[in-house]
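Chemist: kindly return the folded structure for what I paste below:
(one chain, ligands or ions: 1)
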Amino acid sequence: MEMPAPNPAILSAKARIVARLRGVLPADAVIDAPEETRAYECDALTAYRCAPLAAVLPSSTAEVAAILKICHEEGVPVVPRGSGTSLAGGALPTADSVILGVARMNEVLETDYDNRFIRVQTGRTNLSVTGAVETDGFFYAPDPSSQLACAIAGNIAMNSGGAHCLKYGVTTNNLLGVTLVQMDGTVVEIGGAHLDAGGLDLLGLICGSEGQLGVVTEATLRILPKPEGARPVLIGYDSNEVAGQCVSDIIKAGVLPVAIEFMDRPCIRATEDFAKAGYPDCEALLIVEVEGSDTEIDAQLGVISQIARKHNPVELRESRSAEESARIWLGRKSAFGAMGQINDYMCLDGTIPVNELPYVLRRIGEMSKDYGLDVGNVFHAGDGNMHPLILFDANKPGDLEKCEAFGADILKLCVEVGGCLTGEHGVGIEKRDLMGSQFSDDDMQAQMRVKDVFDPTWLLNPAKVFPLAVSDAHRGVAA
Ligand SMILES: Cc1cc2nc3c(=O)[nH]c(=O)nc-3n(C[C@H](O)[C@H](O)[C@H](O)COP(=O)(O)OP(=O)(O)OC[C@H]3O[C@@H](n4cnc5c(N)ncnc54)[C@H](O)[C@@H]3O)c2cc1C
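Modeler: Residues are numbered from 1 along each chain as shown. Predicted coordinates for the structure are as follows:
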């Protein structure tokens, strides 16, 4: 993975820069000792590492503004960081950059049940947003599998989703407003505690902008009344095609499940060995979950089971209790851990039209043989978001490179069939060099002109999203 060479002038000015940061932050909020900055050398894409110049841990929007003002004056790149769970290398530092971590900014600022919103500092973890309102019967809908650890900051930057986003949408559909600090320290409010914004919809630009446009310090989020209950049905099929057809038929029938999850045989086998959830021995497994009162759940599961039976399932298991539901979800929720027990893995994230699923899975199987690397597929089937997990051995010379090439081919395939490079994990460095397979030069120029407006000196989150040659040429930087 190519990264820009660090700026020697910044490296040699480290002492002055750190001293200036210490002037605006408490002593324990500035980390510059090499043994401590190592904690920030990577995110969850651990294959790539680089310790930053320093890391800072502000507690307020005012402190973030002060940090950015100093870094702007010193010409120091800044990498915003939430909890560091990005799978795309979105929070990977460069040696001459300052990591700005918002983990200490985790307060609830306002809760308004009449207008159904909560305002939080963005270092708050996703799950603890629901934790703050659930005793009053509310919840925050987007539910990344990493929700125990990941922060609202990263969710906004990556426009994160989760298993239950089929019904409720991803982060952008549940975000009402943000406080954003621009690279020069200017604080701006975008959106608010209402559904639509006056003027241009800048919130739509910020959500999913991967730390390229500003540092989001506070967020107003939509909260919803908790449904009375939820129950899944597990359906096993002997072919990916038939499982794919069942998904299309469920969606066509007009029932709106909260989740439709799909696992292929390698993934079913791995999770069964690991979690012993009692999954059937089959080619493809669907978990379809619906919500509502008991009567509503029974009615919806009735329709879904009727559709599923028409396709001759190997197994169809409707949950009747909380214990059965937990058992059905156990394997799916353990899928990443199960694959990690077998070997190192790279988790990809691409989106395809749902009807292309059987073809795409077949091609991934063929490529797996060609590359000699095993792969298991977990898929948010309702919205077409795939997560192929490629197994490789990080200690075997050449395996990582082979894995990267295999991953690139899978993502290009997603684009070829009419999908796109990312569903929820973002571009980061992982998909940066593939942007040209989805966007023309003109498309990328248009996106970079947006960055020019928000971050004219291009100091925020360097080397992410845009291929280096393309962004260097745009900025007039010599290669
Ligand atoms: C086991 C596992 C399961 C996962 N499951 C899912 C899933 O189901 N769905 C999903 O969508 N993702 C998933 N992810 C990916 C990851 O959790 C999400 O991308 C998450 O939103 C990242 O949040 P974070 O706080 O850890 O962000 P970080 O990793 O710290 O940063 C992510 C990006 O956000 C930017 N950023 C961070 N803070 C700010 C800020 N204050 N202002 C502006 N930009 C900022 C960073 O620069 C970076 O580009 C998973 C990850 C793991 C490890």
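Chemist: from Gln121, how far out is the residue nearest the centre of the chain?
Modeler: What sits nearest the mean C-alpha location of the chain, by CA atoms, centre = their mean, is His425, with 3.2 Å. With distances defined as CB to CB, to the nearest Å, the gap from His425 to Gln121 amounts to 23 Å. All C-beta spots, glycine's among them, are computed from the backbone N, C-alpha and C.
Chemist: residues contacting the closest residue in space to Cys150 that isn't next to it in sequence?
Modeler: Leaving aside its chain neighbours, Cys150 sits nearest to Thr85 (4.5 Å; criterion: CB to CB, 6 or more residues apart in numbering). Listed by CB atoms under 8 Å, 6 or more residues apart in numbering, the contact set of Thr85 reads 43-44, 146, 149-150, 154.
Chemist: quick check, pLDDT for Gly161.
Modeler: According to the model's per-residue confidence, Gly161 sits at a pLDDT of 94.
Chemist: tell me which helix or strand the residue nearest to the centre of the chain sits in.
Modeler: His425 is located outside every helix and strand, with elements delineated by DSSP states H and E.
Chemist: my read: Phe439 touches Gln447, true?
Modeler: Yes: counting by CB atoms under 8 Å, a contact exists between Phe439 and Gln447, whose distance comes to 7.4 Å.
Chemist: burial count for whichever residue of the stretch 301-450 of the chain sits closest to the ligand?
Modeler: Using CB to the nearest ligand atom, the closest approach of the stretch 301-450 of the chain to the ligand is made by Glu424 at 3.3 Å. Applying other CB atoms under 10 Å, we find 24 other residues in the vicinity of Glu424.
Chemist: can you count the residues close to the nearest residue to it once chain neighbours are set aside?
Modeler: Counting by CB to CB, 6+ apart, Gly161 is the residue found nearest to Glu424 once chain neighbours are left out, at 4.0 Å. One way to gauge burial is a neighbour count; for Gly161, by other CB under 10 Å, it gives 25.
Chemist: measure Gly161 to Thr179 for me?
Modeler: Summarising the geometry, the distance separating Gly161 from Thr179, computed by CB to CB, is 23 Å.
Chemist: for Val375, grab phi and psi.
Modeler: The phi and psi torsions at Val375 (degrees, to the nearest 10) take the values phi -150, psi 140.
Chemist: I figured it was touching Arg363, is that so?
Modeler: No: when contacts are counted by CB under 8 Å, Val375 is not listed as touching Arg363 (11.2 Å).
Chemist: neighbour-wise, which of those two wins?
Modeler: Just comparing Val375 and Arg363: by other CB under 10 Å the higher neighbour count belongs to Val375, 26 against 16.
Chemist: give the contact list for the more buried one.
Modeler: Taking CB under 8 Å, 6+ apart as the criterion, Val375 is in contact with 266, 364-365, 368, 388-391, 406.
Chemist: does the closest residue to the ligand within the stretch 201-350 of the chain count as helix, strand or coil?
Modeler: With distances taken as CB to the nearest ligand atom, the stretch 201-350 of the chain approaches the ligand most closely at Gly211, which sits 2.9 Å away. In three-state terms, and counting by DSSP: H, G, I helix; E, B strand; the rest coil, Gly211 is coil.
Chemist: again with Arg16
Modeler: helix.
Chemist: that one: how many residues sit nearby?
Modeler: The burial metric for Arg16, expressed as a neighbour count using other CB under 10 Å, is 10.
Chemist: what of Ser146?
Modeler: Under the neighbour criterion other CB under 10 Å, Ser146 is assigned a count of 21.
Chemist: the ligand versus that one, what's the distance?
Modeler: Counting by CB to the nearest ligand atom, to the nearest Å, the separation of Ser146 from the ligand is 3 Å.
Chemist: with His72 as the reference, measure out to the spatially closest residue to that residue that is not a sequence neighbour.
Modeler: On the basis of CB to CB, 6+ apart, the spatially nearest residue to Ser146 that is not a chain neighbour turns out to be Thr85, at 4.6 Å. Here the criterion is CB to CB. By it, Thr85 lies 28 Å from His72.
Chemist: then Val178?
Modeler: If you measure Val178 against His72 using CB to CB, the figure is 20 Å.
Chemist: residue ranges with poor pLDDT in this protein?
Modeler: Flagging of the chain using pLDDT under 70 yields the residue ranges 478-479.
Chemist: and with 80 instead?
Modeler: Counting by pLDDT under 80, the chain contains low-confidence ranges at 196-198, 478-479.
Chemist: pop the domain breakdown of it in here.
Modeler: Segmentation of the chain into domains, based on automatic domain parsing, reads 8-101, 108-225, 229-268+279-332, 343-433.
Chemist: out of the contacts of Thr85, flag the one nearest to Ala253.
Modeler: Here the nearest of these to Ala253, counting by CB to CB, is Ser146; it sits at 31.8 Å.
Chemist: near the ligand, which residues of the stretch 101-250 of the chain show up?
Modeler: Taking CB under 6 Å from any ligand atom as the criterion, the neighbours of the ligand within the stretch 101-250 of the chain are 102, 122, 144-146, 150-151, 153-155, 157-158, 160-162, 210-211, 215-216.
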